[in-house]
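Engineer: predicted structure and sequence below. I'll ask about it afterward.
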Amino acid sequence: MAAARAPVELSVRGIVLGGLLCVVFTAANIYLCLQSGLTFASSIPAAVISMAVLRPFRDSGILENNIVQTIASSAGTLSVMVFILPCFLMIGYWTQIPFWPAFWICASGGVLGVVYSVPLRRSLVTGSDLPYPEGVAAAEVLRAGEATRAGGDAGDAAEARLGLRAVVTGSIASAIMAVLVGTRLLAAEVAGYARFGAAATGMTVNMQLALFGAGHLIGLAAGLAMLTGLVLAWGVAVPVMTMMHPASGPAVDLAMDLWRHKVRFVFAAAMAVTALWTLVQLAKPVAAGVGSAFAAQARRRAGEVLDRTEQDLSFGWIAVLIVLLLIPVGILLHSFIAGTPLAGLEAPLMIAGILFVALTGFMVAAVCGYMAGLIGSSNSPVSSLAIIGVVCAAGLLSVTVEPHLGIEARPALVALSLLVAGFVLGVATIANDNLQDLKAGEMVGATPWRQQVALIIGVIAGALVIPPIMVLLGHAYGYAGVAGAGPKALAAPQAQLIASLAGQFIDGTVDWSLLGTGALIGVGLIVFDTVLERRWGVRLPPLAIAFGGYIPPGTISIVIIGAVAGHVYERYGDAHAANPKQAALFRRLGVILASGLIVGESLVNVVLAGLTAAAKTGFLTVPDSDWPLALVGNAFAPWGMVLAVMAIFGMVLWLYRWAGRLALKS
């Protein structure tokens, strides 16, 4: 009998399709991120599109579709490099985004993120119980699509058909909700803010089924930890700080302004402390994972053939890539130092910069991979790591260099700190995505090294697109905070914050009281978690608590609601299932349904982002370019909030009952 053909995985057609999707999704994400500070995940829409495009090819399958989504997934994450690149315009270092420096900042940091996450796979994916919501969602979508074309056991096929029904139904439901929000018949968020004497606080809840689905996937423990952070921020910090800084105006403006400019800095510092603690806790499993990778490499050299699903990029390739990637890092450092007041210290500054990128990058990759596993790539607060990176770089330069060179060196020091932070952000954002992809790959039986190569291709494709798109948007709109920006300038909120922080650290005007308070809160959260675990065996991860206060309230609140609702759904299934197998199916259909919620909204968001960009650039003529599908105006907003609450919770209740009945009837 002839040997079975190996399944197609890393193919030319898959690379081309993945690269094209990466380019399209990167362009859409850049605009969305510059306008609102948000991005949409592109892996699931890419998986759906790939299955449709490659279906006519008889030899295509789940592994090839997984490669396509792996390449395209970098679009949603590498796009956050716009947190850093506009900073150089804001400080006057660049007059427009130059192609090659911007490309190498994105590409070098991004590929380092892939390389650094290779030895983390065994500790944070294979040997971890982290939920990886988007990785699981992508895998379930791929499995559901594959089940419709693959033969096999009748029972498995029947269960696969149930899964396909669940993912399609969830996708349709969230797509309908997203379209209705786009028409403004349903509000995008529901908010309520009020004053209590001199204090002001409130809450916003985004009406997004995708975030609800992400909450279901992350589970109750992470959800409760984030709820703790949300309460600390909006139930304690915001009211106290608004009393300390009284001002007139609407409660929502006062509360949100204090949160953006003070409370968020407090929780960013708390995140820095808890991230370092998380890194300490991860040291042992990461070391074990690296040791396991070395052992696998040794077995490989001894002639042992490792299982295909255990083959990572070899350490030889990793070492070569790290050295090659640090060359453009050094060249860019030289270009930022030469001809400035820093030129006399070029050698030590270049060495220190390269070491900072190399060492900090690995630590950031571990922490960011952990956060992605905990809450998902879309909701992982990558901007906080950019803030931590620029704070560390600017802080070190302000202490070690600025006192010796004086005021005239400050502009160059600000630019240098932003450059180093840009490389670290590239590492963080791609590590954030790579481990999510590797989780999906593990679930579908992919080859790790092929996925790692695919993501490198995706990083390069995205890095080629980012500079010209930013130049185009700069000419069309401009960027807020840049000289000459007009009324339609893109807000670039994270870039403004990061540029401001870098300048404050170098100038010595940073508010240390906020950062010190946040650091103390971080220590308190660590102690609290340790006591809980030792006394009652319960854990509230301190990092999750910290970013519960850091992430915008509208985003985190709906994620928490999804986590609690998912727990209630699973408990109901455990209580009413006839046997453990049925209970397991009940839970599995819940996971697949939640995955579908992410799929549908993600696809619609791709279309809406394109329509919005077309309206903003004049290719589409509509009354309101911010809402190209709008059927009603601002006067309908109160009714839109009422209808949105009724619609989202009515839809969720119906979906859970429907999925539960499917499981209990099986």
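Structural biologist: Arrived safely.
Engineer: quick check, residue 203 in a helix?
Structural biologist: No - with DSSP: H, G, I helix; E, B strand; the rest coil as the criterion, residue 203 is assigned strand and is not in a helix.
Engineer: what about residue 516, how many residues nearby?
Structural biologist: Around residue 516 sit 12 other residues, with neighbours defined as other CB atoms under 10 Å. In this view, the C-beta of every residue, glycine as well, is placed from N, C-alpha and C.
Engineer: and it, what is it in contact with?
Structural biologist: If you count contacts by CB atoms under 8 Å, 6 or more residues apart in numbering, residue 516 has them with residue 269.
Engineer: now with 6 Å, please.
Structural biologist: For residue 516, the contact set (CB atoms under 6 Å, 6 or more residues apart in numbering) is empty.
Engineer: for the helix or strand of the chain with the lowest mean pLDDT, packing partners?
Structural biologist: Least confident helix or strand, the chain: helix 264-301 with a mean of 75, by mean pLDDT, DSSP states H and E. Helix 264-301 is packed against helix 346-375, helix 382-400, helix 512-536, helix 542-550, with contacts defined by 3 or more CB pairs under 6 Å, 6 or more residues apart in numbering; DSSP states H and E.
Engineer: in the helix or strand encompassing residue 100, which residues are buried?
Structural biologist: Per DSSP states H and E: residue 100 is located in helix 99-117. The neighbour-count criterion (16 or more other CB atoms under 10 Å) identifies 101-117 as the buried residues of helix 99-117.
Engineer: quick one: stretch 418-436 to chain centroid distance?
Structural biologist: Taking CA atoms, centre = their mean, to the nearest Å, one finds the center of stretch 418-436 at 11 Å from the center of the full chain.
Engineer: err, stretch 204-216, not the other one
Structural biologist: Centroid separation for stretch 204-216 versus its chain: 15 Å, with CA atoms, centre = their mean.
Engineer: same question for stretch 43-51.
Structural biologist: On CA atoms, centre = their mean, the centre of stretch 43-51 falls 18 Å from that of its chain.
Engineer: give the contact list for residue 630.
Structural biologist: Counting by CB under 6 Å, 6+ apart, residue 630 makes contact with 184, 624.
Engineer: that one falls within a strand, correct?
Structural biologist: No - under three-state DSSP, residue 630 sits outside any strand and is assigned coil.
Engineer: tell me how far it lies from residue 399.
Structural biologist: 51 Å (CB to CB, to the nearest Å).
Engineer: and residue 235, by the same measure?
Structural biologist: When CB to CB is applied, the distance between residue 235 and residue 399 equals 36 Å.
Engineer: again, but for residue 592
Structural biologist: Computed as CB to CB, the residue 592 to residue 399 distance reads 52 Å.
Engineer: would you work out how far apart the start and end of stretch 537-544 are?
Structural biologist: Its first and final residues considered, stretch 537-544 spans 18 Å by CA to CA, to the nearest Å.
Engineer: dihedrals phi and psi, residue 191?
Structural biologist: Backbone torsions for residue 191, taken as degrees, to the nearest 10, come to phi -130, psi 150.
Engineer: could you check how far it is from residue 250?
Structural biologist: As for residue 191, its distance to residue 250 is 11 Å (criterion: CB to CB).
Engineer: quick one: low-confidence ranges for the stretch 501-650 of the chain?
Structural biologist: 602, 606 (pLDDT under 70).
Engineer: recalculate using a threshold of 80.
Structural biologist: 547, 592, 595, 598-599, 602-603, 605-610, 612-613, 616-618, 625-626 (pLDDT under 80).
Engineer: returning to that earlier point: what lies in contact with whichever helix or strand comes after the least confident helix or strand of the chain?
Structural biologist: Where DSSP H and E defines the elements, the next helix or strand beyond helix 264-301 is helix 315-337. Residues from elsewhere that reach helix 315-337 (CB under 6 Å, 6+ apart): 104, 108, 111-112, 115, 118, 297, 346, 349-350, 353-354, 357, 415-416, 419, 423.
Engineer: now do stretch 492-500
Structural biologist: By CB under 6 Å, 6+ apart, the surrounding residues in contact with stretch 492-500 are 34, 37, 83, 86-87, 90-91, 383, 386, 390, 479-481.
Engineer: next one: stretch 21-34
Structural biologist: By CB under 6 Å, 6+ apart, the surrounding residues in contact with stretch 21-34 are 39, 42, 46, 71-72, 75-76, 79, 82, 458, 461-462, 465, 469, 490, 492, 609-610, 613.
Engineer: how far away from the center of its chain is stretch 183-203?
Structural biologist: Using CA atoms, centre = their mean, we find the averaged C-alpha position of stretch 183-203 to lie 26 Å away from the chain's own average C-alpha position.
Engineer: which residue sits closest to residue 103, ignoring its sequence neighbours?
Structural biologist: Here the nearest residue to residue 103 in space, its sequence neighbours aside, is residue 463; by CB to CB, 6 or more residues apart in numbering that works out to 5.1 Å.
Engineer: how many residues are close by the one you found?
Structural biologist: Residue neighbour count, defined by other CB under 10 Å, stands at 24 for residue 463.
Engineer: please apply the same query to residue 626.
Structural biologist: 10.
Engineer: ditto for the one 10 residues further on
Structural biologist: Using other CB under 10 Å, residue 636 has 15 other residues around it.
Engineer: spatially nearest residue to it (excluding sequence neighbours)?
Structural biologist: When the adjacent residues along the chain are set aside, residue 636 lies closest to residue 184, with 6.6 Å between them (CB to CB, 6+ apart).
Engineer: got a list of what that neighbour touches?
Structural biologist: 627, 630, 632.
Engineer: of these, which is the nearest to residue 97?
Structural biologist: Out of those, the one with the shortest distance to residue 97 is residue 627. That distance is 28.5 Å, counting by CB to CB.
Engineer: distance of the closest one from residue 489?
Structural biologist: Distance, residue 627 to residue 489, using CB to CB: 19 Å.
Engineer: the more surrounded of the two?
Structural biologist: The neighbour count for residue 627 versus residue 489, taken as other CB under 10 Å, is higher for residue 627 (20 against 17).
Engineer: where does that one fall, helix, sheet strand or coil?
Structural biologist: Going by three-state DSSP, the secondary structure assigned to residue 627 is coil.
Engineer: could I get the average pLDDT for the next helix-or-strand element following the helix holding residue 100?
Structural biologist: Per DSSP H and E, helix 99-117 leads on to helix 121 as the next helix or strand towards the C-terminus. Looking at helix 121 alone, the average pLDDT works out to 82.
Engineer: cool, stretch 108-116 as well?
Structural biologist: In this model, stretch 108-116 has an average pLDDT of 90.
Engineer: now the strands for the stretch 101-250 of the chain?
Structural biologist: Counting by DSSP state E, counting those that start in this stretch, the stretch 101-250 of the chain has these strands, from start to end: 189-196, 199-206.
Engineer: thanks again, I'm all set now.
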